[in-house]
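Asker: any chance you can model this:
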Amino acid sequence: MEEKTRSENYRRRRRSSLLDRQIMMPALVESVTKLDPRWQARNPVMFVVEVGSVITTIIFIGGLFRGAADSLFVGQITLWLWFTLIFANFAEALAEGRGKAQAASLRRARTDTMARRLVGGKEERVPSSQLRKGDIVVIEAGDLVPSDGTITEGIASVDESAITGESAPVIREAGGDRSAVTGGTRVLSDRILVEVTANPGETFLDRMIHLVESASRRKTPNEIALNILLAALTIIFMIAVVTLQPFAIYAGTSVTITVLIALLVCLIPTTIGALLSAIGIAGIDRLLQRNVIALSGRAVEAAGDVDTLLLDKTGTITYGNRQATEFIPAPGITMDKLVETAELASLADETPEGRSIVNLAHRFGANGKQQAGMTFIPFSANTRMSGVDFDGRSIRKGAVDAISSWCGCPTPKQLPEAVQERVETIARAGGTPLMVAENNLVMGTIQLKDIVKPGIAERFAELRKMGLRTVMVTGDNRLTAATIAKEAGVDDFLAEAIPERKLELIRKEQADGRMVAMTGDGTNDAPALAQADVAVAMQSGTQAAKEAGNLIDLDSDPTKLIEIVEAGKQMLITRGALTTFSIANDVAKYFAIIPAMFFVALPELGALNVMRLTNPSSAVLSAVIFNALIIVALIPLALRGVRYRPIGAAALLRRNLLLWGVGGIIAPFVGIKLIDIIITAVHLA
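Answerer: Residues are numbered from 1 along each chain as shown. Here you go, the predicted model:
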């Protein structure tokens with residue numbers, strides 16, 4: 001339910017951001033400022049369009065002074081060429097604007113607060129901008145955290161909604177993997193000492209703001225390769241268009257420079273050239289909407305190319321808290337008696353395991369309550385058991401060997417044979433046996449089990465369809481790990497995992513040509529995160545983990561790794577789909593325009609004028625208008641992304657070719673013909 005709500009919130013935020021007036025208006029202004037040739041030169045395809053637009057503008061102005069007969073036609077071509085450029089710039093500006101809006105909200109969270117710095121054991125109040133790495137600050141309930149840091153003393157509840165958007169407070173404490181605090185968050189309870197880990201301008205919030213509003217992002221390897229392909233196609237079409245003039249002269253006709261430029265713009269891959277940058281920026285933005293910060297566009301693209309997912313068992317595949325699932329009475333003991341003693345032993349046990357035993361006992365009809373005179377014995381690492389003494393009854397529950405020793409059996413092998421067999425069965429099944437005894441008599445066994453999250457097996461089956469291999473990483477022994485891996489449906493597992501073994505596994509996968517993604521939050525995860533191709537660090541984790549990762553999850557949710565991979569694949573699918581559509585468009589426009597241009601001089605070509613366009617002028621003008629409008633039509637798709645489905649590469653290729661390839665060929669024939677009918681009806685050509 002929580003995942004469904006988060007998904008619905010994401011879709012709602014995405015829809016509203018596309019239609020936000022505060023984003024669209026600045027994007028329109030920026031569309032014009034981006035006409036600067038220095039900016040357009042970064043994109044070879046659109047730079048060619050701009051050069052052609054300048055040339056036709058000069059021809060149009062010169063024609064007005066000379067009173068040229070084709071001034072209306074040249075003027076219309078010129079206008080639509082500039083519109084093509086502006087629409088392309090608008091797509092990129094709109095994608096950037098969504099990131100800048102997010103940066104503005106983050107900037108509001110970054111305030112220059114007063115900090116209580118400890119110097120020589122005494123507090124001094126200084127602006128947070130004066131804090132430096134290594135300073136120790138005191139933060140109490142109600143105070144804002146002045147800078148990024150690590151808690152060195154104390155435990156507190158922290159409101160991180162300014163960063164993550166989640167209203168529920170989180171616990172941060174010294175000495176663990178959840179000791180990191182972020183500047184701009186608010187401490188809600190208690191008192192903590194924090195060691196500052198970032199200088200001003202280098203905090204996590206500063207890095208986030210810089211990343212989301214940075215327009216000059218690095219192009220990813222796939223994007224660079226596609227740009228090279230588009231530039232090569234542009235050169236090929238330029239050569240093809242230039243050779244048309246000699247052919248026209250040989251046929252006894254001529255083609256104007258305006259028509260040649262219009263034809264070139266229609267034939268080069270302007271659609272994908274216009275939207276390529278917007279697709280990349282939107283990919284980063286989609287992760288941002290999911291509260292994931294991409295430290296580089298390369299990380300988002302790599303997520304789409306991932307072959308192997310390394311998933312921690314605890315918190316990702318399982319809930320992480322062992323739950324009581326079954327009571328097994330010892331020989332001669334009734335189920336009711338075991339349930340009663342187990343419940344009494346757990347009444348004061350506030351651990352998740354203890355609460356689950358009480359809940360399971362309630363399902364069996366037990367309803368025990370704490371009474372006066374009860375002496376509760378808390379769990380300790382030395383005794384490894386807990387319980388209660390009252391009215392001459394002494395009840396204990398705990399580890400099998402601890403309880404057997406308490407009952408006078410030095411080793412579990414001296415327990416009743418039926419009890420031993422049940423304990424071994426639970427262990428082989430990947431569970432944890434917990435024994436209950438009263439007055440040195442074994443009452444029975446409780447099975448504790450780390451519950452696999454519902455639906456996770458189906459999710460892994462979907463990933464398998466995509467060609468992804470899932471590997472569960474756990475500190476459990478091989479027997480327990482194998483049982484949980486089988487139940488969860490993962491492809492493989494790594495048991496008794498230590499940092500060195502994680503690193504060794506990642507390197508082995510990469511040596512086999514696979515790209516690896518993993519999550520982590522502790523300092524011991526840092527080496528593996530640094531080695532992984534896609535490394536998702538938890539915001540609640542240590543500074544070392546966050547520095548090693550190339551993606552940071554502000555919600556600290558390990559299961560989000562699957563969403564991140566899906567978002568990366570969606571970006572690659574979107575880029576591939578629109579590239580296929582754009583190139584198919586060019587092929588269709590070539591066969592739609594060329595016959596119409598020459599059938600006056602060469603009537604034999606009239607048979608190829610399958611769309612029956614009115615005349616050469618209307619054919620060229622219709623194609624230019626369609627070329628501009630198709631960019632506008634595809635902007636929402638570029639920003640939202642092509643709908644992602646977990647299917648294999650072969651099925652995805654077939655779908656792309658059928659939907660976007662065939663669709664790209666058909667669309668120009670329909671669109672150009674409709675535009676030709678309209679402009680002919682209003683006598684524009």
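
Asker: now do Ile395 against Asn440, distance only.
Answerer: Shown here: Ile395 relative to Asn440, a distance of 11 Å by Cβ to Cβ, to the nearest Å. In this view, the C-beta of every residue, glycine as well, is placed from N, C-alpha and C.

Asker: which of those two has more residues huddled nearby?
Answerer: Per other Cβ atoms under 10 Å, whichever of Ile395 and Asn440 has more neighbours is Ile395, with 22 against 12.

Asker: leaving out chain neighbours, which residue sits closest to Glu343?
Answerer: Ala361 (3.8 Å; Cβ to Cβ, 6 or more residues apart in numbering).

Asker: so that neighbour: helix, strand or coil?
Answerer: Of the three states, Ala361 takes helix under DSSP: H, G, I helix; E, B strand; the rest coil.

Asker: just the pLDDT for it.
Answerer: In this model, Ala361 is scored at 90, pLDDT.

Asker: show me what contacts it?
Answerer: Phe327, Val339, Glu340, Ala342, Glu343, Ser346, Gly368 (Cβ atoms under 8 Å, 6 or more residues apart in numbering).

Asker: and the pLDDT for the fifth one?
Answerer: Right, the one you point to is Glu343. Model confidence at Glu343, expressed as pLDDT, equals 90.

Asker: helices or strands up against the strand or helix carrying it?
Answerer: Here Glu343 sits within helix 335-346, counting by DSSP states H and E. Secondary-structure packing of helix 335-346 (3 or more Cβ pairs under 8 Å, 6 or more residues apart in numbering; DSSP states H and E): strand 318-329, helix 352-363, strand 385-390, strand 393-398, strand 432-438, strand 441-452.

Asker: want to throw the ones you listed into TSV with distance to Ile625?
Answerer: Output for those, formatted as TSV (distance: least, Cβ to Cβ, whole Å):
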stretch	distance to Ile625
strand 318-329	58
helix 352-363	65
strand 385-390	79
strand 393-398	79
strand 432-438	70
strand 441-452	57
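
Asker: mean pLDDT lowest where, among these?
Answerer: Taking the mean pLDDT of the helices and strands packed on helix 335-346, strand 318-329 comes last: a mean of 82.

Asker: quick one: contacts for the residue nearest the centre of the chain?
Answerer: The residue lying closest to the centre of the chain (Cα atoms, centre = their mean) is Ile564, at 3.0 Å. Counting by Cβ under 8 Å, 6+ apart, Ile564 makes contact with Leu287, Arg290, Val292, Ala303, Ala517, Val534, Val536, Leu551, Asp553.

Asker: among these, name the ones in helices.
Answerer: If you go by DSSP state H, those have Leu287, Ala303 in helices.

Asker: quick check: of the contacts of Ile564, which lies closest to Met472?
Answerer: Of all the contacts of Ile564, Met472 sits closest to Ala517, with 13.8 Å by Cβ to Cβ.

Asker: what about that closest one, how many residues nearby?
Answerer: 27.

Asker: measure it to Leu629 for me?
Answerer: According to Cβ to Cβ, Ala517 and Leu629 sit 39 Å apart.

Asker: same thing with Tyr590?
Answerer: In terms of Cβ to Cβ, Tyr590 sits 18 Å off from Leu629.

Asker: what are the contacting residues of the one helix or strand Phe460 maps to?
Answerer: In the assignment (DSSP H and E), Phe460 maps to helix 456-465. The contact list for helix 456-465 (Cβ under 8 Å, 6+ apart) reads 309, 317, 470, 487-491, 562, 565, 646-648.

Asker: try it again at 7 Å.
Answerer: The contact list for helix 456-465, computed with Cβ atoms under 7 Å, 6 or more residues apart in numbering, reads Leu309, Ile317, Thr470, Ala488, Gly489, Val490, Ile562, Pro646, Ile647, Gly648.

Asker: need the contact list for Gly97.
Answerer: By Cβ under 7 Å, 6+ apart, Gly97 lies in contact with Ile23, Pro26, Ala27.

Asker: chain neighbours aside, what residue packs nearest to it?
Answerer: In space, Gly97 is closest to Ile23, 4.1 Å off (Cβ to Cβ, 6+ apart).

Asker: can you give me the buried ones in stretch 170-180?
Answerer: If you call a residue buried by 16 or more other Cβ atoms under 10 Å, then stretch 170-180 has these buried ones: Val170, Arg172, Ala174, Asp177, Arg178, Ser179, Ala180.

Asker: I should have written stretch 382-389 there, sorry.
Answerer: In terms of neighbour count (16+ other Cβ under 10 Å), stretch 382-389 has its buried residues at Thr383, Met385, Ser386, Gly387, Val388.

Asker: farthest-apart pair in these, please.
Answerer: Thr383 and Val388 (13.9 Å).

Asker: got the contact list for the nearest residue to Arg396 once chain neighbours are set aside?
Answerer: Excluding the flanking residues, the one nearest Arg396 by Cβ to Cβ, 6+ apart is Gly387, at 3.8 Å. Contact analysis of Gly387 by Cβ under 7 Å, 6+ apart lists Ala345, Ile377, Ile395, Arg396, Lys397.

Asker: could you redo the last one with a cut-off of 6 Å?
Answerer: The contact partners of Gly387, by Cβ atoms under 6 Å, 6 or more residues apart in numbering, come to Ala345, Ile377, Ile395, Arg396.

Asker: one step back: quick one: secondary structure of the residue nearest to the centre of the chain?
Answerer: At Ile564, secondary structure determined by three-state DSSP is helix.

Asker: pLDDT at it, what is it?
Answerer: 86.

Asker: equivalent analysis for Lys508, please.
Answerer: 91.

Asker: could you report the neighbour count for it?
Answerer: The number of residues near Lys508, taken as other Cβ under 10 Å, comes to 11.

Asker: could you export the strand or helix carrying Leu229 as CSV, CA atoms only?
Answerer: In this assignment (DSSP H and E), Leu229 forms part of helix 221-242. Presented in CSV, the C-alpha positions along helix 221-242 are these (Å, rounded to 0.1, in the frame of the first residue of the first chain):
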residue,chain,number,x,y,z
PRO,A,221,28.4,7.6,-23.6
ASN,A,222,25.2,6.5,-25.3
GLU,A,223,24.3,10.1,-25.9
ILE,A,224,27.7,10.9,-27.4
ALA,A,225,27.5,7.8,-29.7
LEU,A,226,24.0,8.9,-30.8
ASN,A,227,25.2,12.4,-31.5
ILE,A,228,28.0,11.0,-33.7
LEU,A,229,25.4,9.0,-35.6
LEU,A,230,23.1,12.0,-36.0
ALA,A,231,26.0,14.1,-37.2
ALA,A,232,27.0,11.4,-39.8
LEU,A,233,23.4,11.2,-41.0
THR,A,234,23.2,15.0,-41.3
ILE,A,235,26.4,15.0,-43.5
ILE,A,236,25.0,12.2,-45.7
PHE,A,237,21.7,14.1,-46.2
MET,A,238,23.6,17.3,-46.9
ILE,A,239,25.5,15.6,-49.7
ALA,A,240,22.3,14.1,-51.1
VAL,A,241,20.5,17.4,-51.1
VAL,A,242,23.4,19.3,-52.7
